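A.B. asks: Sharing a model that was predicted from the sequence below.
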Amino acid sequence: MVRTESKRLALASVRAAQSCLAPIVKRTPLEYHAGLSEKYHARIWLKREDLQIVRSYKLRGAYYRMSKLTAEERMRGIVCASAGNHAQGVAFACRHLEIEGKIFMPVPTPGQKVAKVRHFGQERVQIELVGDTYDQAGAAARAYAESEGSVYIHPFDDLDVMAGQGTVGLEILEDLAETPDWVFMPVGGGGLSAGVGSVMRALAPKAQVVGVEPAGAAAMVAAFKAGEVVALQAFDTFVDGAAVAKAGEKTFEICKEVLDHLVTVPEGLVCAQILKLYNEDAIVAEPAGVLSLAALEQFKDEIRNRTVVCVLSGGNNDIMRMEEIKERAMLFQQLKHYFLIRFPQRAGALRDFLAQVLGPTDDISHFEYTKKTNRESGPALVGIEVLSRADFEALIARMDAHQVDYQWLNDNPTLFQMLV
């Protein structure tokens, strides 16, 4: 029998990171969630990394990695690339360790995250907005680091960064009165799952460790399927904290060993979970932050009567995104529907539609003629919100009964993306 060498992080390295970080990072609370526990008939706890100093766990890995720089490396300065959370951790470390830093961020990064990077780094950091994705910003950052001789601080594919993130796992085990049966956490590049997963394998080997990726940017899933790290040719950047084209080489090897399950959740479900947390618990979470909660439904039978920990990884959400979040959530829940409707060319046609076709609780949330000139001869783009799927079925039945000339767009991706 050939024995293979373990790839997971040494527990000693995570404990060393914990000692270093103790006076710096916030020991975030582990909170029992009564609502989720009742829904899933389980004991569900949330590790609230959204309450970290920089509102995500990323401070842990960034600060620990930078604390180990030599005096000569500190003089050269650092460079990093990030969609926001790693950048904030690096900026915080730059200011507190008195290191000059240059931070590359994708152009679509939410303004709230850019502003926070400036706030945490102050005069110690410079920000460059480059490219449309983290990977494009990362390429620019690496090129700059090589040309200037600066130290590149990777957001996930670095053993010290992983050790810092692994301290989340130590805190979970130290603060929980019992050993967890299940641990859910988000996966982007894999730093958090590699670190926490290594801790669980060492100290709670019977715990089922679940990594969760957004369906539109499942880089680690692609690597697992291929048996090696591969680049996604296209991916959805909506869950910006977990949207990367490639998982890390080192994190991939560790995650293969420490993850019991690796699953994906649709972005629409992520949005619904964000709104649910906000409306019911007054918790402001970012898309990547709720990936772990969004995956619970897939394991509802397995986690019944079990102790479950979900890492709520971040709370850096720009309020300007809430309309998009609501839209995606309603489309996923089939509570919002778009139609192309060609109204009869006669007076009162729209009024008849409102009175005879629209249900008592249906609401028109969008109305736009598709032609800018002679618009009465062209169809109208109409968005309708309903309270339930049954209401939608009744709406369609009335449209058919009144011979409305319509085309439903939700199941037509090409037309939907063109018009909505």
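C.D. replies: Alright, I've got the coordinates. Numbers count the residues shown, from 1 in each chain.

A.B. asks: how about the strands in the stretch 151-300 of the chain?
C.D. replies: Ranges of strands in the stretch 151-300 of the chain, per DSSP state E, counting those that start in this stretch, are 151-152, 182-186, 208-214, 261-265.

A.B. asks: between the longest one and strand 261-265, how many degrees?
C.D. replies: So that's strand 208-214. Strand 208-214 and strand 261-265 are oriented at 30 degrees to each other (axes from the mean of the first three to the mean of the last three CA atoms, to 10 degrees).

A.B. asks: What is strand 208-214 packed up against?
C.D. replies: Where contact means 3 or more CB pairs under 8 Å, 6 or more residues apart in numbering; DSSP states H and E, strand 208-214 is packed against strand 182-186, helix 191-203, helix 219-226, strand 261-265, helix 291-294. Where you see a C-beta, it was placed from the backbone N, CA and C, and this is true even at glycine.

A.B. asks: could the ones you listed go into CSV alongside mean neighbour count, mean pLDDT and distance to Arg321?
C.D. replies: Below are the helices and strands packed on strand 208-214 laid out as CSV (neighbours: other CB atoms under 10 Å; pLDDT from 0 to 100; distance: least, CB to CB, whole Å):
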stretch, mean neighbour count, mean pLDDT, distance to Arg321
strand 182-186, 28, 98, 18
helix 191-203, 28, 98, 22
helix 219-226, 20, 97, 22
strand 261-265, 20, 98, 18
helix 291-294, 28, 98, 16
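
A.B. asks: what's the longest helix in the chain?
C.D. replies: Secondary structure of the chain per DSSP state H: the longest helix is helix 159-175.

A.B. asks: What mean pLDDT does it get?
C.D. replies: In this model, helix 159-175 has an average pLDDT of 98.

A.B. asks: And stretch 310-318, end to end?
C.D. replies: For stretch 310-318, the first-to-last residue distance is 22 Å (CA to CA, to the nearest Å).

A.B. asks: what do you get for stretch 79-86?
C.D. replies: 12 Å.

A.B. asks: Renumber starting at 58 from here on
C.D. replies: In the new count, where the first residue is 58, that last one comes out as stretch 136-143.

A.B. asks: Check which residues of the longest helix of the chain are buried.
C.D. replies: 216-230 (16 or more other CB atoms under 10 Å).

A.B. asks: Let me see the ranges of the helices in the stretch 108-257 of the chain.
C.D. replies: 115-124, 128-133, 142-154, 168-178, 191-205, 216-232, 248-260 (DSSP state H, counting those that start in this stretch).

A.B. asks: ok, now the stretch 358-477 of the chain?
C.D. replies: 379-389, 406-409, 446-458, 470-476.

A.B. asks: Tell me which of these is the most buried.
C.D. replies: helix 379-389 (a mean of 17; mean count of other CB atoms under 10 Å).

A.B. asks: pLDDT of that helix, averaged?
C.D. replies: According to the model, helix 379-389 has a mean pLDDT of 91.

A.B. asks: Need the helices and strands packed on strand 265-271 in JSON lines (columns: distance to Glu306).
C.D. replies: Listed next are the helices and strands packed on strand 265-271 as JSON lines, based on distance: least, CB to CB, whole Å:
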{"stretch": "strand 239-243", "distance to Glu306": "19"}
{"stretch": "helix 248-260", "distance to Glu306": "11"}
{"stretch": "helix 276-283", "distance to Glu306": "9"}
{"stretch": "strand 318-322", "distance to Glu306": "17"}
{"stretch": "helix 348-351", "distance to Glu306": "22"}
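
A.B. asks: Minimum distance to Leu78: which of these has it?
C.D. replies: Comparison of the helices and strands packed on strand 265-271 against Leu78 by CB to CB identifies helix 248-260 as nearest, at 12.2 Å.

A.B. asks: Distance from the chain centre to stretch 357-368, please.
C.D. replies: 21 Å (CA atoms, centre = their mean, to the nearest Å).

A.B. asks: re the thing from before, can you redo the helices of the stretch 358-477 of the chain as JSON lines with distance to Arg399?
C.D. replies: Output for the helices of the stretch 358-477 of the chain, formatted as JSON lines (distance: least, CB to CB, whole Å):
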{"stretch": "helix 379-389", "distance to Arg399": "23"}
{"stretch": "helix 406-409", "distance to Arg399": "10"}
{"stretch": "helix 446-458", "distance to Arg399": "12"}
{"stretch": "helix 470-476", "distance to Arg399": "14"}
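
A.B. asks: and of these, who's closest to Pro323?
C.D. replies: So among these, helix 379-389 is nearest, using CB to CB, at 6.3 Å.

A.B. asks: And for the closest one, what's in contact with it?
C.D. replies: Residues outside helix 379-389 that contact it (CB atoms under 8 Å, 6 or more residues apart in numbering) are 295, 323-326, 328-329, 331-332, 344, 393, 442, 467.

A.B. asks: For ChimeraX, what selects the buried ones among those residues?
C.D. replies: What follows is the ChimeraX syntax selecting those of those that are buried according to 16+ other CB under 10 Å:
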select :295,324,325,326,328,329,331,332,344,393,442
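
A.B. asks: Tell me the one of the contacts of helix 379-389 nearest Val182?
C.D. replies: Looking across the contacts of helix 379-389 and measuring by CB to CB, the closest to Val182 is Pro344, at 24.6 Å.

A.B. asks: Who are the contact partners of the closest residue to that closest one other than its chain neighbours?
C.D. replies: Sequence neighbours aside, Val296 is the residue nearest to Pro344 in space, at 4.1 Å (criterion: CB to CB, 6 or more residues apart in numbering). Going by CB under 8 Å, 6+ apart, Val296 touches 271, 273-274, 324, 327, 344-345, 348.
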